[in-house]
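**Q** here you go, sequence then predicted model.
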Amino acid sequence: LKHEICNARPYREWLNEHLVHLSDLPEAPKHDQPDHVTLLQRQIAFGYTNEDERIILMPMAKDGVEAIGSMGNDAALAVLSNKPRLLYDYFKQLFAQVTNPPIDAIREEIVTSSETRLGSEGNLLNPQPTACRRVELKYPILTNEEFAKIRRTDLPGLKTAVLPILFRVARGEKGLAKSMEELCVMARRHIEEDEANVLILSDRGVTKEFAPVPALLAVAGLHHYLIREGLRTRVSIVVETGDAREVHHFSLLIGYGASAINPYVAFETIDGMIREALLTGIDHKTACKNLVKAASKGVVKVMSKMGISAIQSYRGAQVFEALGLNQSVIDHYFTWTATRVGGIGLDIVAQEVLARHRAALLGTLDPEKQRAAQQGRVVRGRLAVAPRLRLGTLELLVTYPVSDGAIVAAKLTACLVVVFMLIGATALAGCAAQPVAPAAPAAATRPDDGIRVPVEYYRLDNGLKVVLSRDDSAPTVTVGLFYRIGFRIEPRGR
């Protein structure tokens, strides 16, 4: 049976004649690199933070691997945050709930594939040679140079069309919904009249008059519109966006229908870090190659948790659930997505986009705004103290912050383990001690080597003293007796 199916048609001849590889396409002119002010505006408009640069992008560009972090995410839900959050943060990944992973993305790499193809899929029930007229990509993440080649593609059977995903600021919150309607109308016209089979959604061109449509909203909304109209298999969707930079973002875009992604602001940010000597010992080409590799491996890791081995199978699979989005938004733009908790509508999504847009482009870039762009978000934690147990007094010395989110999580976890062990011991012993003196010196001596380091003192209304060291090299944790103390780890910048 297998032999009969494989030899029914000359598939190898069709592929040799019609399949186009990315390396076969002619080189395209390069985009000019933005200056520091322009890059900063783009970063603020798309919600970049210092953590995104140094904790997310830097390890990916330098080492070609996704940054290591603690397992799980206890940050507040995006819908409960008092700061503008990206639309990606309203979605959670689903996974096969078994004790062993369905696919080990590292040891079973041979059965995984990150290849993808652009162009019309044709009729699967009636294969024809023209169905092989597609562009083959090794990874779904495209560098700026690779994307420029795709954008200029104009070959027989392969035609691209660029659709802007921007909305007028003057229209306010209603402008986002209007822009999505216009996007669907333009896409249908390009497919039926111009016979385009690669649609490029681009949020380049953000100005004072135009704000970016969230890329996830544009991709998912167009994907489901084309499904309803019976046009989806005739085109591939490529997205050129500034708001995607994490593996979770790429996974969502692919999971809702994107065939390829060009995160151009992420690559521009890497170039900026190289120019400012924040990223040393590596050139532009190698850094971009590493980012593509790390992001693609990260997507394969995510999809392997559901037992999916190929990017082409993951595309459009929607293996996510929404938390905090209104049911009307889900039904119209993210159809068939599981959601157990309602929340915001499209108007609030637009408000959050416009809040970032105002911070980036309305007014001058003063130092305060620059610092606002560099504030942390949800990667690193902070230690918060709240009175809970009446058991004694406490003096705690921890290092904060450090250069890696994983180290932060490990040290704070160690602190909690020690704290709760001593709480139990103190309760059993029936200890009670007096609060510490109110004086707060400017430095403290580390108990391990006698080095004096700057510290910060936090005092509760009952006289409790907590000492937080800001020396990154000091891993020491010193805990005494307790006096009405409880701990909570929160993300900074909520």
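**A** Looks like it arrived, so ask away.
**Q** could you list the low-confidence segments of this structure?
**A** Across the chain, the ranges flagged by pLDDT under 70 are 70-74, 363-494.
**Q** contacting residues around stretch 294-305?
**A** By Cβ atoms under 8 Å, 6 or more residues apart in numbering, the residues outside stretch 294-305 that reach it are 59-61, 63-66, 93, 95-96, 101-105, 108, 112, 114, 139-141, 247-248, 250-251, 254, 263, 309, 311, 313-314, 317, 319. The way it works is simple: take the backbone N, C-alpha and C, and place the C-beta from them, glycine included.
**Q** revised request: answer the last question for stretch 349-356.
**A** Against stretch 349-356 from outside (Cβ under 8 Å, 6+ apart): 44-47, 84-85, 87, 167, 169, 172-177, 211-214, 217, 329.
**Q** burial check on K297, number of neighbours?
**A** For K297, the count of nearby residues is 21 (other Cβ atoms under 10 Å).
**Q** er, G281 actually
**A** Quick note: G281 (other Cβ under 10 Å) scores 7 neighbours.
**Q** and whichever strand or helix holds L40, how far out from the chain middle?
**A** Per DSSP states H and E: L40 is located in helix 36-45. Chain-centre distance of helix 36-45: 18 Å, with Cα atoms, centre = their mean, to the nearest Å.
**Q** any buried residues in it, and which?
**A** In terms of neighbour count (16 or more other Cβ atoms under 10 Å), helix 36-45 has its buried residues at 39-45.
**Q** how close does the residue nearest the centre of the chain get to I330?
**A** Nearest to the mean C-alpha position of the chain, by Cα atoms, centre = their mean, lies E246 at 2.9 Å. Using Cβ to Cβ, to the nearest Å, we find E246 at a distance of 22 Å from I330.
**Q** in TSV: the buried residues of helix 36-45, plus distance to E195.
**A** Compiled in TSV, the buried residues of helix 36-45 are given as follows (distance: Cβ to Cβ, whole Å):
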residue	distance to E195
L39	37
L40	41
Q41	37
R42	33
Q43	38
I44	39
A45	34
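**Q** closest one of those residues to R188?
**A** A45 (28.8 Å; Cβ to Cβ).
**Q** correct me, but the closest one touches T207?
**A** No. Checked against Cβ atoms under 8 Å, the pair A45 and T207 is beyond contact range at 10.0 Å.
**Q** shared neighbours of the two, anything?
**A** L361.
**Q** next, count neighbours for L142.
**A** Using other Cβ under 10 Å: L142 sits among 25 other residues.
**Q** let me fix that, I meant to ask about K178.
**A** 12.
**Q** cool, S113 as well?
**A** S113 has 14 neighbours, counted by other Cβ under 10 Å.
**Q** do the one 10 residues further on as well
**A** N123 sits with 10 neighbouring residues when counted by other Cβ under 10 Å.
**Q** what about it, distance to L158?
**A** Computed with Cβ to Cβ, the distance linking N123 and L158 is 18 Å.
**Q** before we move on, what about P214?
**A** 28 Å.
**Q** which of the two has more residues huddled nearby?
**A** Ranked by neighbour count (other Cβ under 10 Å), P214 and L158 place P214 first, with 23 against 20.
**Q** what sits against the more buried one?
**A** Contacts of P214 by Cβ under 8 Å, 6+ apart are 86-87, 243, 349, 353.
**Q** sorry, back to before: whichever of the contacts of stretch 349-356 end up buried, select them in ChimeraX.
**A** To isolate the buried ones among the contacts of stretch 349-356 in ChimeraX, judged by 16+ other Cβ under 10 Å, type:
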select :44,45,46,47,84,85,87,167,169,173,175,176,177,211,212,213,214,217,329
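**Q** could you list which of the contacts of stretch 349-356 belong to helices?
**A** Using DSSP state H, the members of those that fall within helices are 44-45, 173-177, 217, 329.
**Q** contacts for stretch 7-25?
**A** The list of residues contacting stretch 7-25 from outside it, by Cβ under 8 Å, 6+ apart, reads 127, 129-138, 146, 149-150, 152-153, 155, 157-158.
**Q** CA atoms of that stretch as CSV?
**A** C-alpha atoms of stretch 7-25 as CSV (Å, rounded to 0.1, in the frame of the first residue of the first chain):
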residue,chain,number,x,y,z
ASN,A,7,4.6,5.9,-6.7
ALA,A,8,1.2,7.1,-7.7
ARG,A,9,2.7,10.4,-9.0
PRO,A,10,6.2,11.7,-9.6
TYR,A,11,6.5,13.7,-6.4
ARG,A,12,10.3,14.0,-6.5
GLU,A,13,10.2,15.5,-10.0
TRP,A,14,7.6,18.0,-8.9
LEU,A,15,9.6,19.1,-5.9
ASN,A,16,12.8,19.4,-7.9
GLU,A,17,11.1,21.5,-10.5
HIS,A,18,8.9,23.8,-8.4
LEU,A,19,10.2,23.9,-4.7
VAL,A,20,12.1,27.1,-4.0
HIS,A,21,14.6,27.4,-1.2
LEU,A,22,15.2,30.6,0.7
SER,A,23,18.9,30.6,-0.3
ASP,A,24,17.8,30.6,-4.0
LEU,A,25,16.0,33.9,-3.7
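**Q** in it, what's buried?
**A** Buried residues in stretch 7-25 (16+ other Cβ under 10 Å): 14, 18, 20, 22, 25.
**Q** looking at those residues, which are in strands?
**A** V20 (DSSP state E).
**Q** turn the buried residues of stretch 7-25 into a markdown table, including distance to I237.
**A** Output for the buried residues of stretch 7-25, formatted as a markdown table (distance: Cβ to Cβ, whole Å):
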| residue | distance to I237 |
| --- | --- |
| W14 | 24 |
| H18 | 21 |
| V20 | 18 |
| L22 | 17 |
| L25 | 19 |
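**Q** related to what we said a few turns ago, what's the helix holding L40 packed up against?
**A** On a contact count with 3 or more Cβ pairs under 8 Å, 6 or more residues apart in numbering; DSSP states H and E, helix 36-45 meets helix 264-275, helix 346-361, helix 367-373.
**Q** and the ones you listed as a markdown table, adding distance to K2 and mean neighbour count?
**A** Below are the helices and strands packed on helix 36-45 laid out as a markdown table (distance: least, Cβ to Cβ, whole Å; neighbours: other Cβ atoms under 10 Å):
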| stretch | distance to K2 | mean neighbour count |
| --- | --- | --- |
| helix 264-275 | 43 | 22 |
| helix 346-361 | 49 | 19 |
| helix 367-373 | 57 | 12 |
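**Q** related to what we said a few turns ago, closest to A338 out of the contacts of P214?
**A** Nearest to A338 out of the contacts of P214 is L87 (Cβ to Cβ; 16.7 Å).
**Q** and the closest one, what is it in contact with?
**A** Here L87 is in contact with 214, 216-217, 349 (Cβ under 8 Å, 6+ apart).
**Q** pick out whichever of those residues sits closest to V239.
**A** L216 (9.1 Å).
**Q** could you find the closest non-adjacent residue to the closest one?
**A** In space, and not counting its chain neighbours, L216 is closest to L87: 4.9 Å by Cβ to Cβ, 6 or more residues apart in numbering.
**Q** what's the spacing between the one you found and L323?
**A** 12 Å.
**Q** so who does the residue nearest to G272 when sequence neighbours are not counted touch?
**A** Excluding its sequence neighbours, the residue lying closest to G272 (Cβ to Cβ, 6+ apart) is L39, at 5.3 Å. Taking Cβ under 8 Å, 6+ apart as the criterion, L39 is in contact with 265, 268-269, 272.
**Q** go on, D347?
**A** Taking Cβ under 8 Å, 6+ apart, we find D347 in contact with E173.
**Q** H36 now?
**A** Residues near H36 by Cβ under 8 Å, 6+ apart: G272.
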